[in-house]
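[1] pasting the sequence and the predicted model now:
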Amino acid sequence: MFIIVNLVTIKDIYGLASIDFLMLTMKVKNYIFFNILTIAMSEKYQKLLEIVKRELKGASPAHDISHVMRVYDLCLLLAKYEKNVDLDVLKTAALLHDIARVKESQNIDHTVLGAEVSEKILRELGYPEEKIRHIKHCIIAHRFRGAVKPRTIEAKILSDADKLDVLGAIGIARSYILAGEYGQKIYVDTPIDKYIKENLVGGKHDGRIKDLSKHAPNIEFETKFKHIPKKLYTRKAKEIAKERLNSYVSFLKGLKRKLKVNYKVIVLYI
Ligand SMILES: [Fe+2]
């Protein structure tokens, strides 16, 4: 409350435009979110966080440390609704799950490499072997298009939390960051069955993408995001996904409408 009152005062004093004010509010919110979570962490997790931050230096904003922190936060939320969750395994796996993301390529799967890198880190930090095995499974099994499926409750929660972060407003923003990085179009209007056959490995909607430049956020939605509810394990995640999926659908509908209108205008002027 104190912060909100002071932000409004700042807006008035400096005569900020609404968009600037919105940006300022978001920055403050992110700052508070990130720092409260960090302060609430015990020394062991802060140490892990520092290692992950270092490894993710230069990462895409779609997969940087703020994504890791959102997933960590979602994991804690989902865990509240589940029984017998080993929070130490879950927190550690959440922090480490994308540690090898920067090294991801056509030949390197960041979940496999991430599990290997994490094993070394955890051994040095004195984690027991049983826990390391457990955490490695969470990391390897968190990928949507991965072959290994989550077997434990901690792996299921991490997988769900990671998927929730691709939906809703954050998901839309992340999709377009990736679209820019891969040289994709804003929207690709193509028959989805034909696309899946031609550009996804095995001709399956969850096959890996062959040519990333032919992909687009709306294709990603059709082949991946809309199938997410079927891939979620926890009740709370399914509930959150429903809401986030709806906002993605209405965004894409509006975008398609807008693009069609623009096209008609161009035709009219030719
Ligand atoms: Fe992730």
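    That came in fine, so what should we check first? Numbering: from 1, shown residues only.

[2] how about Ala100, what does it touch?
    Taking C-beta atoms under 8 Å, 6 or more residues apart in numbering as the criterion, Ala100 is in contact with 55, 108, 110-111, 113-114, 117. In this view, the C-beta of every residue, glycine as well, is placed from N, C-alpha and C.

[3] report the buried members of those residues.
    Buried members of the contacts of Ala100, counted by 16 or more other C-beta atoms under 10 Å: 55, 110-111, 113-114, 117.

[4] closest to Ala147 among those residues?
    Thr111 (9.7 Å; C-beta to C-beta).

[5] just the element for the closest one, please.
    Under DSSP states H and E, the secondary-structure element containing Thr111 is helix 110-124.

[6] from Arg123, how far out is Ala100?
    Using C-beta to C-beta, to the nearest Å, one obtains 17 Å as the distance from Ala100 to Arg123.

[7] would you mind listing what in the stretch 1-150 of the chain touches the ion?
    Residues of the stretch 1-150 of the chain lying near the ion by C-beta under 5 Å from the ion: Asp98.

[8] low-confidence ranges in the stretch 1-150 of the chain?
    With pLDDT under 70 as the threshold, the stretch 1-150 of the chain has low-confidence stretches at 1-40, 145.

[9] who touches the residue of it found nearest the ion in this structure?
    For the stretch 1-150 of the chain and the ion, the shortest gap (C-beta to the ion) falls at Asp98, measuring 4.3 Å. Contacts of Asp98 were listed using C-beta under 8 Å, 6+ apart, and they are 52, 56, 63, 67-68, 71, 110, 114.

[10] and what of His215?
    With contact set as C-beta under 8 Å, 6+ apart, His215 has these partners: 179, 182, 184, 188, 199, 209.

[11] next one: phi and psi at it?
    The phi and psi torsions at His215 (degrees, to the nearest 10) take the values phi -80, psi 170.

[12] and stretch 61-73, which residues are buried?
    Buried residues in stretch 61-73, counted by 16+ other C-beta under 10 Å: 62-73.

[13] so which of the contacts of Asp98 is the closest to His134?
    Checking these one by one against His134 (C-beta to C-beta), the nearest turns out to be Gly114, at 14.7 Å.

[14] which strand or helix spans Lys185?
    Lys185 belongs to no helix or strand, assigned by DSSP H and E.

[15] nice, that's everything, thank you.
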